[in-house]
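Engineer: sequence isn't available, so here's the structure alone:
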């Protein structure tokens, strides 16, 4: 991450690592020692100036996290361990104006000003204009950026790539005489995704709209809940019913979610067929204090390792029986009680209530579940 420091009273921005490539290997060793397997590693903040990297038309692996040699060693390590490695990057937005002309290269709004995205302040639920914005890359440039990125990225031999925004966001551009709507933007994104997948890379994406699904192998932060608007009566796993058995997916990272009870998170994973997702760093949490990364307030791996192993063990004991299977049906059996049936006949009934219930002749304890059918 970029952190403001001072030398004889003069402020400057320095790149400070939260997890080096070597530390990532150390964490992976500890994770596997806890019995956690089938790991997919998304590594953020590894090139062109950290998490707030510039436009990725060139690839320079940051020395602060281990440089090109460190990334090569991590890729070799994950390959030996059967771990999928996904270095993360943003394509449609640039978090730095390094090598990027805001005047020439940013998309334009209806008011003909450069399109910027400010981080949301969760306290006031509004954009915080005191923080550094991201700039929206003009859609007409995306194809060229991806082509140039792949030239450098392909030499790293990571086997996978994580796309922070290419599969989840469409941008218009109202630049005079070069206007582009979201439909044209989608065509450009699809072509870019096809080009990336065509290089034989596993592709992890955040979110994932339907136009991206043919090209991705894994999804993080997939939609696993409704908007919560009062007009909506129930949440249903529509998205999981579309992609389960074809694409691996998770919701938001547990340690940065609104869950305060791991039992509720486990039940949601079982009901929606979702994998377990944690976002971690090797350094202590206080390292992000007074930086632009205070949203990473609870990500030190040591504080979550044991709980992660317990959650993974319970979720995996059920979902390993339905890997590659679609969700055949989902129904509400009672208030806070839901049944999901997978393509091979395996079913799980979850009880979110704080009291014992009886459903389909089965007694289900409070905040627990039962399984049956197929080969469990």
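Structural biologist: Structure received. This one's a predicted model, so the numbers in the text were calculated from it and none came from an experiment.
Engineer: report the central residue of this structure.
Structural biologist: Using C-alpha atoms, centre = their mean, the residue of the chain that lies closest to the mean C-alpha position is residue 220, 3.7 Å off.
Engineer: give me the beta-bridge partners of it?
Structural biologist: Taking DSSP bridges as the rule, residue 220 bridges to residue 206.
Engineer: all helices of the stretch 251-376 of the chain, in order?
Structural biologist: Assigned by DSSP state H, counting those that start in this stretch, the helices in the stretch 251-376 of the chain fall at 262-272, 305-319.
Engineer: tell me which of the ones you listed sits most buried.
Structural biologist: Mean neighbour count (mean count of other C-beta atoms under 10 Å) peaks for helix 262-272 among the helices of the stretch 251-376 of the chain, with a mean of 21. Where C-beta positions appear, they are placed from N, C-alpha and C, glycine not excepted.
Engineer: for the residue nearest to residue 354 when sequence neighbours are not counted, the count of nearby residues, please.
Structural biologist: Leaving aside its sequence neighbours, residue 354 sits nearest to residue 366 (C-beta to C-beta, 6 or more residues apart in numbering; 5.2 Å). Applying other C-beta atoms under 10 Å, we find 13 residues neighbouring residue 366.
Engineer: so residue 366 touches residue 352, yeah?
Structural biologist: No. Between residue 366 and residue 352 there is no contact under C-beta atoms under 8 Å: 9.1 Å.
Engineer: got the end-to-end distance for stretch 318-338?
Structural biologist: Terminal residues of stretch 318-338 lie 16 Å apart, using C-alpha to C-alpha, to the nearest Å.
Engineer: and what of stretch 56-64?
Structural biologist: 18 Å.
Engineer: can you show me the helices along the stretch 101-250 of the chain?
Structural biologist: For the stretch 101-250 of the chain, the helices defined by DSSP H, counting those that start in this stretch occupy 102-105, 139-153, 182-197, 238-243.
Engineer: I'd like those as TSV, with mean neighbour count and distance to residue 270 appended.
Structural biologist: Shown next, in TSV, are those (neighbours: other C-beta atoms under 10 Å; distance: least, C-beta to C-beta, whole Å):
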stretch	mean neighbour count	distance to residue 270
helix 102-105	12	46
helix 139-153	17	36
helix 182-197	17	30
helix 238-243	17	11
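Engineer: so for residue 275, which of those sits nearest?
Structural biologist: helix 238-243 (11.0 Å; C-beta to C-beta).
Engineer: that closest one - contacts with which helices or strands?
Structural biologist: Applying 3 or more C-beta pairs under 8 Å, 6 or more residues apart in numbering; DSSP states H and E, one finds that helix 238-243 contacts strand 327-334.
Engineer: next, the buried residues of the strand it packs on.
Structural biologist: Applying a neighbour-count criterion of 16 or more other C-beta atoms under 10 Å, one finds 327, 328, 330, 333 buried in strand 327-334.
Engineer: any idea of the pLDDT on the nearest residue to the last one once chain neighbours are set aside?
Structural biologist: In space, and not counting its chain neighbours, residue 333 is closest to residue 359: 4.6 Å by C-beta to C-beta, 6+ apart. Per-residue pLDDT puts residue 359 at 95.
Engineer: in terms of contact, does residue 359 touch residue 334 like I think?
Structural biologist: Yes. Applying C-beta under 8 Å, one finds residue 359 in contact with residue 334, separated by 6.2 Å.
Engineer: so who does the nearest residue to residue 251 once chain neighbours are set aside touch?
Structural biologist: Spatially, and ignoring its direct neighbours in sequence, residue 251 is nearest to residue 224 (4.0 Å; C-beta to C-beta, 6+ apart). Residue 224 makes contacts with 237, 239, 240, 251, 268, 272, 274, as judged by C-beta atoms under 8 Å, 6 or more residues apart in numbering.
Engineer: and residue 224, what pLDDT?
Structural biologist: For residue 224, the predicted pLDDT is 90.
Engineer: the one 5 residues further on now?
Structural biologist: The predicted structure scores residue 229 at 82 on the pLDDT scale.
Engineer: run a quick neighbour tally on it.
Structural biologist: By the measure other C-beta under 10 Å, the count of residues near residue 229 is 6.
Engineer: likewise for residue 174?
Structural biologist: If you count neighbours by other C-beta under 10 Å, residue 174 ends up with 16.
Engineer: and stretch 320-340, how far apart are its ends?
Structural biologist: End-to-end distance for stretch 320-340: 15 Å, by C-alpha to C-alpha.
Engineer: check what contacts it and list those residues.
Structural biologist: Counting by C-beta under 8 Å, 6+ apart, 234, 236-237, 240-241, 244-246, 270-273, 341-344, 346-353, 357, 359-360, 364, 374-376 sit against stretch 320-340.
Engineer: nearest to residue 167, out of the helices of the stretch 101-250 of the chain?
Structural biologist: Distance to residue 167, taken as C-beta to C-beta, is lowest for helix 182-197 among the helices of the stretch 101-250 of the chain, at 6.7 Å.
Engineer: sorry, back to before: please list only the buried members of the contacts of stretch 320-340.
Structural biologist: Among the contacts of stretch 320-340, those classed as buried by 16+ other C-beta under 10 Å are 237, 240-241, 244-245, 270-273, 341-342, 344, 346-353, 357, 359, 364.
Engineer: before we move on, the earlier item: so which of the contacts of residue 224 comes closest to residue 120?
Structural biologist: For the contacts of residue 224, the closest approach to residue 120 (C-beta to C-beta) belongs to residue 251, at 18.6 Å.
Engineer: who's in contact with that closest one?
Structural biologist: Going by C-beta under 8 Å, 6+ apart, residue 251 touches 221, 222, 224, 225, 257, 268, 272, 274, 277.
Engineer: residue 306 now?
Structural biologist: residue 34.
Engineer: pLDDT score for it?
Structural biologist: You'll see residue 306 listed with a pLDDT of 96.
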